[in-house]
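# sequence unavailable; structure follows:
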């Protein structure tokens, strides 16, 4: 129990290192007071430009990988409460929770997209391309970044059900389902604006947004 609790805590604290908020500290700004107010890559791109946003994505993406590939398999513990596959899943989810509710930044973070993809890459590389395809197709069709991220997250458990060459992987199904729930919850304000017709779109094929996406 101590081992699992320690790994979960470390993964959560790692996830709490929010890329846009961390880099914003170096610039003396709080991105949550800029643009849409969201501490994510989309607001980082629109507020401070491409280079800033790329570093944000690298940090947020990387911590999902580190939680699964390194924290989950940390040596020095004598017993394991869960099999490694489940420990990796739990650590990946803890890093996503940390990103959305960061301890270091008053529990107001991003929406979990990049960190989820990083954890997915470490857990199940074959699923990354289909998930990204869903995201791109939805973005091109709708122009909504939030909706694209939600549908990409929902595609994770569906892919786990559809693609199972060695039988259904329960850890991956649980991971995908939990990610979908977390991402939908984190985007609840986007869903509300889409319902009200006030959510902005990315300018694609001449399409122009009405407001900055949050």
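Looks like it came in fine. Remember, it's a predicted structure, so these values are computed and weren't measured experimentally.
# which strands or helices does the helix or strand of the chain with the lowest mean pLDDT pack on?
The weakest-scoring helix or strand in the chain, judged by mean pLDDT, DSSP states H and E, is helix 41-48 (a mean of 81). Packed against helix 41-48 by the contact rule (3 or more C-beta pairs under 8 Å, 6 or more residues apart in numbering; DSSP states H and E) you find helix 19-27, helix 50-66. C-betas here are computed from N, CA, C, even on glycine.
# so how many other residues sit close to residue 29?
Neighbour count of residue 29, defined by other C-beta atoms under 10 Å: 15.
# wait, is it part of a helix?
No: secondary structure assignment (DSSP: H, G, I helix; E, B strand; the rest coil) places residue 29 in coil, not in a helix.
# against residue 201, how distant is it?
Residue 29 is 26 Å from residue 201, where distance means C-beta to C-beta, to the nearest Å.
# equivalent analysis for residue 56, please.
Residue 56 is 21 Å from residue 201, by C-beta to C-beta.
# likewise for residue 119?
28 Å.
# neighbour count winner among these two?
It is residue 119, of residue 119 and residue 201, that has more neighbours when counted by other C-beta under 10 Å, with 32 against 18.
# I'd assumed residue 98 was in contact with the more buried one.
No: under the criterion of C-beta atoms under 8 Å, residue 119 makes no contact with residue 98, lying 11.2 Å away.
# give me the pLDDT value at the closest residue to residue 153 other than its chain neighbours.
Leaving aside its sequence neighbours, residue 153 sits nearest to residue 183 (C-beta to C-beta, 6 or more residues apart in numbering; 3.8 Å). Residue 183 carries a pLDDT score of 97 in this model.
# could you list every residue that touches residue 183?
Residue 183 is in contact with 111, 112, 113, 116, 149, 150, 153, counting by C-beta atoms under 8 Å, 6 or more residues apart in numbering.
# switch to 6 Å and redo it
Applying C-beta atoms under 6 Å, 6 or more residues apart in numbering, one finds that residue 183 lies in contact with 112, 150, 153.
# take those and lay them out in CSV including neighbour count, pLDDT and secondary structure.
What follows is those, written out as CSV (neighbours: other C-beta atoms under 10 Å; pLDDT from 0 to 100; DSSP: H, G, I helix; E, B strand; the rest coil):
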residue, neighbour count, pLDDT, secondary structure
112, 29, 92, coil
150, 24, 97, helix
153, 29, 97, helix
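# tell me the one among those nearest to residue 129.
residue 153 (15.3 Å; C-beta to C-beta).
# my read is that that closest one contacts residue 181, right?
No: under the criterion of C-beta atoms under 6 Å, residue 153 is not in contact with residue 181, lying 8.6 Å apart.
# for residue 120, see how far away the nearest residue to residue 56 once chain neighbours are set aside is.
Leaving aside its chain neighbours, residue 56 sits nearest to residue 19 (3.8 Å; criterion: C-beta to C-beta, 6+ apart). Distance of residue 19 to residue 120, computed by C-beta to C-beta: 17 Å.
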